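A.B. asks: Sequence and predicted model, in that order:
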Amino acid sequence: MFNTTEVYVVAHSLVPGGRHYEKGLKELFADAFLKVLDQVGNANLGAIYVANAFSEVLQDQSVLGAYLTDYIGLRRIPAIRIESGDGSSGIAFLEAYNMVRLVFTTA
């Protein structure tokens, strides 16, 4: 059994719900991501998890993680897109948690 107290959230950022006519998907992502970087400083990122349930339908974009990380200049960081309907954000958080737990408890 894994000790769940070994994984911590050190920063977070959300895009407020609502209509954002003045910004596109890339700009909203950049705003949220840059807020996280401000909170943690120069972070050593292992991966970026992007949750979005309807990017193919609403944005005509299926490779969302790479599309967004390319926009902010992080081409060498793995970007994982999570699509799980209304639960996409929760599943993305769970997957990120599991990856951190796996990497640091098996090292």
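C.D. replies: Sure, I can see it. Numbering: from 1, shown residues only.

A.B. asks: contacts for the host helix or strand of Ala92?
C.D. replies: If you go by DSSP states H and E, Ala92 is part of helix 88-106. The contact list for helix 88-106 (C-beta atoms under 8 Å, 6 or more residues apart in numbering) reads 2-4, 6-7, 46-47, 49-53, 80, 82, 84. Quick note: C-beta positions are derived from backbone N, CA and C, even for glycine.

A.B. asks: which ones among these are found in helices?
C.D. replies: Using DSSP state H, no member of the contacts of helix 88-106 sits in helices.

A.B. asks: any idea which of the residues you listed is closest to Asp70?
C.D. replies: Among the contacts of helix 88-106, Val50 lies closest to Asp70 (C-beta to C-beta), at 11.8 Å.

A.B. asks: Where does pLDDT dip in the protein?
C.D. replies: The model of the chain has pLDDT under 70 over residues 1-5, 106-107.

A.B. asks: who touches His12 in this structure?
C.D. replies: His12 makes contact with 36, 39, according to C-beta under 8 Å, 6+ apart.

A.B. asks: Specify the local secondary structure of it.
C.D. replies: What DSSP: H, G, I helix; E, B strand; the rest coil gives for His12 is coil.

A.B. asks: mind listing the strands in the protein by residue range?
C.D. replies: Counting by DSSP state E, residue ranges of the strands within the chain are 48-51, 79-82.

A.B. asks: name the helices or strands packed onto the last one?
C.D. replies: Using 3 or more C-beta pairs under 8 Å, 6 or more residues apart in numbering; DSSP states H and E as the contact criterion, the secondary-structure elements in contact with strand 79-82 are strand 48-51, helix 64-71, helix 88-106.
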